[in-house]
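Engineer: got a structure for you, letters missing:
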């Protein structure tokens, strides 16, 4: 579980996040949503520890980031997995090597066990036929699946996904959403997804935080968001013609 | 002020590259890969350039030494001095700023643009140590390339003189005349300094670049520009210190 207590973040005079409080439960897919420029990415990077917060506190299963030294922060990083918007696979490594990479870099287990662990997760994302393919030979959806396998191969406690289905067709996007949701439940991971895709919100949003201009405007579930009663949330949710027609 | 900021950032990058080392087995693998990409892959182009430019230098020397009172051995002597003192270490390094420098900037820059560097950082890996340190170590073998350049430059001169009709004995005698080992030492000192610049300046431009694919190209151009300027300035400073 990740608890966010009153965090703020400024870049020079520009306050990007202001007094954000939230709680991301273990075994649930938590979504941060909002329009472009609302502060979603900065929030995610603060949770990842890539940005230092100016005030407030982030607690990872009770461990406060502000009380951690460099060694603790490094260990915390090793409990995290990240799926990047563009997958961020290493171009020169094939699928197996990409998934094995964190094991090669961070563990001392023998090569056979590394392969077994990597293969287990590659099978989990249904890519056992593409083991020797390079990222350039994979479709966008396949690259995302490799990225998910790489993110969870170290058995992380926390999984962060930045726009995991951007650039994908709606059908593949749903496959990726479901995969993340299944892995989250199966391995009891605290998953935080940064998204502006309403399909993801409805499909897997067990806990949704809505940001606008760096402020948390609303928090709830996918069942509540369609009837939130909040004008700003409604503006976002019903911004597409398709959703308006469905409504 | 930006320049001062960038100089500070450059030295910090070097410090971080040498700290929090990745696993040794991974580093060895990376170093061998970089030796192949940066050093061994450069040998063909360096060989071709050195051989033909050595020939051109010898022909131009011969053209300027037509006076019958001047010994033909001077052609070999002057060619050797030009190749060892300046052509091989400096001229080849400027070419390498284009070949190796662009490769380093574009490969690291592409990793930055496609978030691969962020992925390394999120995993808790010191990305500078993983990406830049092996390049610095691999480039320690760069003097080996320059040795080949020196050798082939002088051989190119010999071949050109043979084809021009200058007796090869005179050329060979010339390249042995007044040989000073200190000049070779000076040349290798320069080469080692340039090898560090060739590995780190392009890496700096790639690692800290911002933007998209187009900006990778711009960063490569900037990298060549700055690497060449730094090499030329350091060339002057080292020459002033060691030869003046």
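Structural biologist: Everything's here; your move. Only a predicted model underlies this, so the values are computations on that prediction, with no experimental measurement involved.
Engineer: could I get the contacting residues of the spatially closest residue to residue A:105 that is not a sequence neighbour?
Structural biologist: In space, and not counting its chain neighbours, residue A:105 is closest to residue B:125: 5.5 Å by CB to CB, 6 or more residues apart in numbering or on different chains. From N, CA and C alone the C-beta is placed, and that goes for glycine too. Residue B:125 is in contact with A:105, A:106, B:22, counting by CB atoms under 8 Å, 6 or more residues apart in numbering or on different chains.
Engineer: can I get those in a markdown table with pLDDT?
Structural biologist: As requested, the contacts of residue B:125 are exported to a markdown table (pLDDT from 0 to 100):
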| residue | pLDDT |
| --- | --- |
| A:105 | 90 |
| A:106 | 89 |
| B:22 | 83 |
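Engineer: and which of these is nearest residue A:140?
Structural biologist: Residue A:140 has its nearest neighbour among the contacts of residue B:125 in residue A:105, at 25.5 Å by CB to CB.
Engineer: contact residues of chain B facing chain A?
Structural biologist: B:22-23, B:26, B:110, B:114-116, B:118-119, B:121-125 (CB under 8 Å from any CB of the partner chain).
Engineer: longest helix anywhere in chain A?
Structural biologist: helix A:170-186 (DSSP state H).
Engineer: enumerate the positions of that helix that are buried.
Structural biologist: A:172, A:173, A:174, A:175, A:176, A:177, A:179, A:180, A:181, A:183, A:184 (16 or more other CB atoms under 10 Å in any protein chain shown).
Engineer: for those, which one is nearest residue A:118?
Structural biologist: For those, the nearest to residue A:118 is residue A:183 (15.1 Å; CB to CB).
Engineer: leaving out sequence neighbours, find the closest residue to that closest one.
Structural biologist: In space, and not counting its chain neighbours, residue A:183 is closest to residue A:152: 5.8 Å by CB to CB, 6+ apart.
Engineer: tell me the contacts of that neighbour?
Structural biologist: Residue A:152 touches A:81, A:121, A:159, A:183, A:187, A:189, counting by CB under 8 Å, 6+ apart.
Engineer: again, only this time at 6 Å
Structural biologist: A:81, A:121, A:183 (CB atoms under 6 Å, 6 or more residues apart in numbering or on different chains).
Engineer: closest to chain B out of those?
Structural biologist: residue A:81 (8.1 Å; CB to the nearest CB).
Engineer: in the sheet, who's paired with that closest one?
Structural biologist: residue A:159 (DSSP bridges).
Engineer: report the contact partners of it.
Structural biologist: A:151, A:152, A:156, A:159.
Engineer: let's have these in JSON lines, adding pLDDT, distance to residue B:132 and secondary structure.
Structural biologist: Shown next, in JSON lines, are the contacts of residue A:81 (pLDDT from 0 to 100; distance: CB to CB, whole Å; DSSP: H, G, I helix; E, B strand; the rest coil):
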{"residue": "A:151", "pLDDT": "91", "distance to residue B:132": "25", "secondary structure": "helix"}
{"residue": "A:152", "pLDDT": "90", "distance to residue B:132": "29", "secondary structure": "helix"}
{"residue": "A:156", "pLDDT": "91", "distance to residue B:132": "27", "secondary structure": "coil"}
{"residue": "A:159", "pLDDT": "94", "distance to residue B:132": "29", "secondary structure": "strand"}
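Engineer: most surrounded residue in those?
Structural biologist: When neighbours are counted by other CB atoms under 10 Å in any protein chain shown, residue A:151 leads the contacts of residue A:81 with 29 neighbours.
Engineer: about what we covered before: just the buried residues from the residues of chain B next to chain A, in PyMOL please.
Structural biologist: Burial among the residues of chain B next to chain A is assessed by 16+ other CB under 10 Å; the matching PyMOL selection reads:
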select buried, chain B and resi 22+26+110+114+115+116+118+119+121+122+123+124+125
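Engineer: from the residues of chain B next to chain A, which land in helices?
Structural biologist: Using DSSP H, those in helices are B:26, B:110, B:116, B:118, B:119, B:121, B:122.
Engineer: how about the helices in chain B?
Structural biologist: B:2-17, B:24-34, B:43-64, B:73-82, B:92-113, B:116-122, B:127-131, B:133-138, B:142-164, B:168-176, B:181-207, B:213-242.
Engineer: may I see these organised as JSON lines, with mean pLDDT added?
Structural biologist: Shown next, in JSON lines, are the helices of chain B (pLDDT from 0 to 100):
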{"stretch": "helix B:2-17", "mean pLDDT": "93"}
{"stretch": "helix B:24-34", "mean pLDDT": "92"}
{"stretch": "helix B:43-64", "mean pLDDT": "94"}
{"stretch": "helix B:73-82", "mean pLDDT": "93"}
{"stretch": "helix B:92-113", "mean pLDDT": "95"}
{"stretch": "helix B:116-122", "mean pLDDT": "91"}
{"stretch": "helix B:127-131", "mean pLDDT": "94"}
{"stretch": "helix B:133-138", "mean pLDDT": "96"}
{"stretch": "helix B:142-164", "mean pLDDT": "95"}
{"stretch": "helix B:168-176", "mean pLDDT": "91"}
{"stretch": "helix B:181-207", "mean pLDDT": "96"}
{"stretch": "helix B:213-242", "mean pLDDT": "95"}
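Engineer: now, which of the contacts of residue A:81 sits nearest residue B:194?
Structural biologist: For these, the nearest to residue B:194 is residue A:151 (41.0 Å; CB to CB).
Engineer: in contact with that closest one, which residues?
Structural biologist: With CB under 6 Å, 6+ apart, residue A:151 has these contacts: A:81, A:82, A:83, A:159.
Engineer: chain B: which of those residues is nearest?
Structural biologist: residue A:82 (4.4 Å).
Engineer: state the distance from the closest one to residue B:108.
Structural biologist: 20 Å (CB to CB, to the nearest Å).
Engineer: before we move on, what about residue A:216?
Structural biologist: Distance from residue A:216 to residue B:108, by CB to CB: 37 Å.
Engineer: compare these two (neighbour count), which wins?
Structural biologist: residue B:108 (28 against 20).
Engineer: ok, the residue nearest the centre of chain B to chain A distance?
Structural biologist: When chain B is reduced to its mean C-alpha position, the nearest residue by CA atoms, centre = their mean turns out to be residue B:93, at 3.0 Å. Separation of residue B:93 from chain A (CB to the nearest CB, to the nearest Å) stands at 27 Å.
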